[in-house]
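need a 3D model of the sequence below.
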Amino acid sequence: MLRCLAAAVVLAGALAALPESARAADPVPQRDVGFGVKNGHLTVSVGLQDLFGDAERARLKSGFATRVLIRAALEEVATGDPVAVAVQRAEIVYDIWDEKFAVRTSDGMGAERRSVVATPEQAIGRAAVLLDLPVIEGARLRPGAAYVLAVRGDLDPISEDLLIEVRRWLVQPARGQRRLGAGDSFFGSFVSIFVNPRIEDSERQVRFASQPFIWGPAPQPPPAPPPPKPQPGRFR
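Below you'll find the model as predicted:
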């Protein structure tokens, strides 16, 4: 469901195009994503709880840390140009003595957040859900342009290089506020794993693309010229 936190974000239901990265690979499912505006930033809200199957849920109580990495790339539909990348990293640890789950999450736009919850469902809800995650300053988007978000979630990433790159990204929040170039190393690595799901760098993964949306009011056609004024008649 689209969460309209501001009138600046408008769904474009008639648009069916997907980003170049998604079109270049095996077809990916489309998932409804909530877009909004908060503190001048485009934000995204969507759940990836399906990263956890029955076995993964049961393993949460093992006492070992469970990591969740979610990456999202915003692209302009018309050009396929990358606009921004948002990242959320989370860790769940079960305390076998207190029988509680400690959840730690971080992203590139704010401080680390910590919480303690009682059930596996609550822990998954904190770790595998994006809630008003800032993506990019709204002022950097083109009014009337269509955008789409490509998302990938990974459970327990096993690539050390990837984790190092994610940590570097998370300690540089300013990068998440500028437009990206296709040569950006982090964006490039994201696209490569998004379009090639056979790259197995995690135990379980979820990939999808959002519904396209238009940022701000679409350009309006110029108003029609007023009808000519009637000329006064002449009487003889």
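
next up, phi/psi of E121, please.
Per-residue torsions, E121: phi -60, psi -40 (degrees, to the nearest 10).

residue ranges for the strands of the chain, please.
Using DSSP state E, the strands of the chain run over 9-11, 30-31, 34-38, 41-47, 66-76, 82-95, 100-107, 113-117, 129-137, 146-157, 202-210, 213-215.

for the third one, what is the average pLDDT?
Across strand 34-38, the average pLDDT comes to 94.

angle of that strand against strand 146-157?
Taking axes from the mean of the first three to the mean of the last three CA atoms, to 10 degrees, one finds strand 34-38 and strand 146-157 inclined to each other by 100 degrees.

neighbouring strands - and their directions - for strand 34-38?
strand 41-47 (antiparallel) (DSSP bridges).

CA atoms of the strand it pairs with as PDB?
Only the C-alpha atoms of strand 41-47 are listed here, as PDB (Å, rounded to 0.1, in the frame of the first residue of the first chain):
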ATOM      1  CA  HIS A  41      13.900  13.000   2.000                       C
ATOM      2  CA  LEU A  42      12.200  10.400  -0.100                       C
ATOM      3  CA  THR A  43      11.600   7.400   2.200                       C
ATOM      4  CA  VAL A  44      10.800   3.800   1.600                       C
ATOM      5  CA  SER A  45       8.800   1.300   3.700                       C
ATOM      6  CA  VAL A  46       8.500  -2.400   2.800                       C
ATOM      7  CA  GLY A  47       8.700  -5.800   4.500                       C
END
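
identify the residues contacting it?
For strand 41-47, contacts defined as CB atoms under 8 Å, 6 or more residues apart in numbering pick out 3, 5, 9, 31-37, 72, 74, 86, 109, 125, 128-138, 141, 149, 151, 210, 215. Every residue, glycine included, has its C-beta placed from N, CA and C.

try it again with 6 Å
Residues outside strand 41-47 that contact it (CB atoms under 6 Å, 6 or more residues apart in numbering) are 33-34, 36, 129-138.

who wins for neighbours among those residues?
Top of the contacts of strand 41-47 by neighbour number is V135, holding 25 neighbours under the definition other CB atoms under 10 Å.

now that one: how far from A86?
Distance, V135 to A86, using CB to CB, to the nearest Å: 5 Å.

hang on, the earlier thing: of the contacts of strand 41-47, closest to A65?
Comparing these against A65 with CB to CB places V129 closest, at 18.5 Å.

so who does L48 touch?
Counted by CB under 6 Å, 6+ apart, L48 has contacts 128, 153, 206.

hmm, 10 Å instead?
Contacts for L48 (CB atoms under 10 Å, 6 or more residues apart in numbering) come out as 31, 68, 70, 88, 124, 127-130, 151-155, 205-208.

if any of those are buried, give me the PyMOL selection for them.
Restricted to buried positions by 16 or more other CB atoms under 10 Å, the PyMOL selection for the contacts of L48 reads:
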select buried, resi 31+68+70+88+124+127+128+129+130+151+152+153+154+155+205+206+207+208
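
flag the shaky bits of the protein, pLDDT-wise.
Residue ranges of the chain with pLDDT under 70: 1-27, 108-111, 158-202, 217-221, 230-236.

how about A146: what's its closest non-neighbour residue?
Leaving aside its chain neighbours, A146 sits nearest to V77 (4.1 Å; criterion: CB to CB, 6 or more residues apart in numbering).

ok, that neighbour touching A150?
No: look at V77 against A150 with CB atoms under 10 Å: they stay out of range, at 11.5 Å.

higher neighbour count, these two?
A150 (26 against 20).

does the closest residue in space to the more buried one that isn't next to it in sequence have beta-bridge partners, and which?
Using CB to CB, 6+ apart and skipping the chain neighbours, the partner closest in space to A150 is A73 (4.8 Å). Under DSSP bridges, the beta-bridge partners of A73 are V85, A150.
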